[in-house]
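Enquirer: here is my input, please return the structure:
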Amino acid sequence: MAAITFDTLKYANRLKSAGVPDKQAEAEAEALSEALEVNLKELVTKEDLHHEIESLRREMLSGFIQVEQRLVIKLGGLMALSIGIVAALVKLL
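Expert: Numbering: from 1, shown residues only. Below you'll find the predicted structure:
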């Protein structure tokens, strides 16, 4: 995960220059820094997304292969049944 930094000193100084008391500005900067740190730990990266997309592609391909195999088996069975029915009809007629 890419490191994202938050400059608490710059933020606190900006608050101070806007008229916020020193202790309050420092406390707000620290609180915001902690909140960002906690939330950024759960941040999804492009690598995470690419990994999940590739995993889904593999699952889908596997599912399609299984469906294709079932269809081939069912069509083969239907063909065999059809040939049997035609052969029985030919014998009867």
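Enquirer: going forward, measure contacts and count neighbours with C-alpha atoms only.
Expert: Noted.
Enquirer: now do the SS call for Leu40.
Expert: helix (DSSP: H, G, I helix; E, B strand; the rest coil).
Enquirer: neighbours around it, how many?
Expert: 14 (other C-alpha atoms under 10 Å).
Enquirer: got it, and Ala88?
Expert: Neighbourhood size, Ala88 [other C-alpha under 10 Å]: 11.
Enquirer: how near is it to Glu34?
Expert: 81 Å (C-alpha to C-alpha, to the nearest Å).
Enquirer: can you check Gly19 too?
Expert: 23 Å.
Enquirer: again, but for Val67
Expert: Going from Val67 to Glu34 by C-alpha to C-alpha gives 50 Å.
Enquirer: now swap in Ile85 and tell me
Expert: According to C-alpha to C-alpha, Ile85 stands 76 Å off from Glu34.
Enquirer: between Gly19 and Glu34, tell me which one has more neighbours.
Expert: Glu34 (13 against 10).
Enquirer: tell me which element that one falls in.
Expert: helix 22-41 (DSSP states H and E).
Enquirer: and stretch 13-28, what's buried?
Expert: By neighbour count on 16 or more other C-alpha atoms under 10 Å, the buried set for stretch 13-28 is Asn13, Leu15, Lys16, Ala25, Glu26, Glu28.
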